[in-house]
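**Q** Sequence unavailable; structure follows:
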């Protein structure tokens, strides 16, 4: 069982930046692909980015490249989401997830965090 805990969300003005963290409680963190998703009210959960076990390969949803970046620190069992040039439409609950393959579909991930709220004001 893998427990994931996101942190770093909050209220930010449009154009600002946030860095989300996701800490994993497992000794085998480095064996997992990690992904970030978000879900806005009334919308489906949306894939953002994923990173492979070593950090050598990342997968982006097309609309995310350039503003969002994913990284991981296997020594700290943590994955990060750096978000820049935030827009009001980025307002959502952000989730991290752990799985065995880098995929853009939620069903490919086995474990999920509880989510952290990001609100971008105009």
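**A** Structure received. Keep in mind that what you see is a predicted model, and the values were worked out from it rather than measured. Residues are numbered from 1 along each chain as shown.

**Q** and the least confident helix or strand in the chain by mean pLDDT, what does it pack onto?
**A** One helix or strand of the chain scores below all others by mean pLDDT, DSSP states H and E: strand 58-60, with a mean of 92. Contacts defined by 3 or more C-beta pairs under 8 Å, 6 or more residues apart in numbering; DSSP states H and E place strand 58-60 against strand 46-51. Any C-beta I mention is one placed from the backbone N, CA and C, and that applies to glycine too.

**Q** Contacts for the strand it packs on next, please.
**A** For strand 46-51, the surrounding residues in contact (C-beta atoms under 8 Å, 6 or more residues apart in numbering) are 33-40, 57-61, 64, 68-72, 79, 81, 92, 94, 102-106.

**Q** quick one: strands adjacent to it?
**A** According to DSSP bridges, strand 46-51 forms sheet pairs with strand 33-39 (antiparallel), strand 58-60 (antiparallel).

**Q** Give me the buried positions along stretch 100-113.
**A** Residues 102-103, 106, 108-109, 111-113 are the ones in stretch 100-113 that count as buried (16 or more other C-beta atoms under 10 Å).

**Q** Which residue in the residues you listed has the weakest pLDDT?
**A** Minimum pLDDT for these is recorded at residue 102 (85).

**Q** quick one: that one and residue 35 touch, right?
**A** Yes. Using C-beta atoms under 8 Å, residue 102 is in contact with residue 35, at 7.3 Å.

**Q** Report the beta-bridge partners for the residue positioned nearest the centre of the chain.
**A** By C-alpha atoms, centre = their mean, the mean C-alpha position of the chain lies nearest to residue 36, the distance being 2.5 Å. When bridges are called by DSSP bridges, residue 36 pairs up with residue 49, residue 96.

**Q** That one and residue 22: what is the separation?
**A** Residue 36 sits 8 Å away from residue 22, going by C-beta to C-beta, to the nearest Å.

**Q** any shared contact partners between the two?
**A** In contact with both residue 36 and residue 22: 79, 81, 96, using C-beta under 8 Å, 6+ apart.
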